[in-house]
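A.B. asks: Please find the sequence and the predicted model below.
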There are 2 protein chains.
Amino acid sequence: MELSNKIIEQAVEAVSKLPGVGKKTALRYVIHLVKSDASSVYQLSSALTQLKTELKFCNNCNNITELLICNICSNDTRDKSIICIVQDYRDVLAIENTGLYRGLYHVLGGLISPMEGIGPNQLNIENLLTRVSNNQVKEIILALNTTMEGETTSFFIFKKLAPFNVNLSVIARGIAVGDELEYTDEVTLGRSITNRVPFDSLLKK
Amino acid sequence: MELSNKIIEQAVEAVSKLPGVGKKTALRYVIHLVKSDASSVYQLSSALTQLKTELKFCNNCNNITELLICNICSNDTRDKSIICIVQDYRDVLAIENTGLYRGLYHVLGGLISPMEGIGPNQLNIENLLTRVSNNQVKEIILALNTTMEGETTSFFIFKKLAPFNVNLSVIARGIAVGDELEYTDEVTLGRSITNRVPFDSLLKK
């Protein structure tokens, strides 16, 4: 695709660096912005700049925050003996939105992926070990995706945590609430049966 | 979806105004930017601002340009007796990339759509009539989509141009080059047969 205009070309180039955005989609966004009123484009542009000027990563858990330590880590009512390991900020949001977890988080910032050249050193794993060596921590919950990368990362962390005296658990996999048995894949259904829970645990929620 | 952070919330709000982008996708873009290095975010942000500070619409054809009159309209080697009517800038690019059209364009900036509340007055149609009343123009090519909105707009322009002495044509619809006959819908195949062209026209390209 050849673009006749230098300014549109620059914008398309910059926008197409967003994840999952190709040149065609980027051009669609850019043309939309050219047609939008100036104030909304300036608003977008300054909102994006603010992401870098105002936001940092929490020194403790690597979550996104405006402060040195994020609101979750600095909240005295949270249970500091449990740490839930997640891939990124969106997973923190998702778990927070359930309202059912009161422990802390540890955001890895990615998953081990030889295909994309991401090794354990590029992830926030070393800092996890420092946190765990603090005696307060009693349980670590692994909440990573069940992809090849997620499982590799979970296993790597499992090995690293072996010398420490903490309980390591994994979030339950099973049939989603509302889904039907007959359309579920065998692996998921198998895990649902193997990891069955006492019926009265449902009554507590 | 509740976002815990004001700055992320603002950015997601602004990004989700892009066409086809919901809150989840916007959040994905925003988190990507928070993790990107500052310089590339500033580059994106300034490229977007430039879209409004540097670009205008051509006074003649409504194409996007940095000048008062776009490069196509001011190019003396282009055939000023033909005007191709298109929906927006992306269509100009698509036709320019074929390298087979040497006339001028007229960019409507949208299509008549009662559903979205877009009437003929919000489109760049009045200006088209002014251009056509100039005796130089001999042919108008309609190159709008064959959607309900496209056909309505084509018909509206057809009615408006009736008093003028210009040839009105429509770009050919037919089976795409490389596509197979048996998988083509009847309407397209029907048009392909009705609007068949002499075989030797293929030899000239």
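C.D. replies: Yep, that arrived. Residues are numbered from 1 along each chain as shown, chains lettered A, B, ... in the order given.

A.B. asks: Now do the longest helix seen in chain A against helix B:38-54, angle only.
C.D. replies: Secondary structure assigned by DSSP state H gives helix A:38-54 as the longest helix of chain A. Angle, helix A:38-54 to helix B:38-54, by axes from the mean of the first three to the mean of the last three Cα atoms, to 10 degrees: 160 degrees.

A.B. asks: in chain A, what spans have low per-residue confidence?
C.D. replies: For chain A, residues meeting the criterion pLDDT under 70 lie at A:1-3, A:204-205.

A.B. asks: So which residues of chain A form strands?
C.D. replies: For chain A, applying DSSP state E gives strands covering A:56-57, A:64-65, A:79-86, A:103-107, A:139-142, A:167-170.

A.B. asks: right, so of those, which gets closest to chain B?
C.D. replies: strand A:64-65 (5.7 Å; Cβ to the nearest Cβ). The way it works is simple: take the backbone N, C-alpha and C, and place the C-beta from them, glycine included.

A.B. asks: Would you give the sheet partners of the closest one, along with the direction of each?
C.D. replies: strand A:56-57 (antiparallel) (DSSP bridges).

A.B. asks: Centre of the chain to the partner strand, how far?
C.D. replies: 14 Å (Cα atoms, centre = their mean, to the nearest Å).

A.B. asks: Can you tell me what sits against that strand?
C.D. replies: Around strand A:56-57, the neighbours that count as contacts under Cβ atoms under 8 Å, 6 or more residues apart in numbering or on different chains are A:63-68, A:107, A:109.

A.B. asks: again, but for stretch A:59-67
C.D. replies: With contacts defined as Cβ under 8 Å, 6+ apart, stretch A:59-67 is touched by A:54-58, A:68-74, A:83, A:89, A:92, A:104-109, A:124, A:127, A:131, B:5, B:7-8, B:31, B:34.

A.B. asks: Please provide the alpha-carbon coordinates for it, formatted as PDB.
C.D. replies: The C-alpha coordinates for stretch A:59-67 follow below in PDB (Å, rounded to 0.1, in the frame of the first residue of the first chain):
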ATOM      1  CA  ASN A  59       8.300  -1.500  43.000                       C
ATOM      2  CA  ASN A  60       6.800  -4.400  44.800                       C
ATOM      3  CA  CYS A  61       4.500  -6.300  42.400                       C
ATOM      4  CA  ASN A  62       5.200  -4.600  39.000                       C
ATOM      5  CA  ASN A  63       1.500  -3.600  38.600                       C
ATOM      6  CA  ILE A  64       0.800  -0.300  36.800                       C
ATOM      7  CA  THR A  65       0.500   2.600  39.200                       C
ATOM      8  CA  GLU A  66       1.100   6.400  39.600                       C
ATOM      9  CA  LEU A  67       3.000   5.800  42.800                       C
END
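
A.B. asks: Next, the buried residues of it.
C.D. replies: By neighbour count on 16 or more other Cβ atoms under 10 Å in any protein chain shown, the buried set for stretch A:59-67 is A:60-65.
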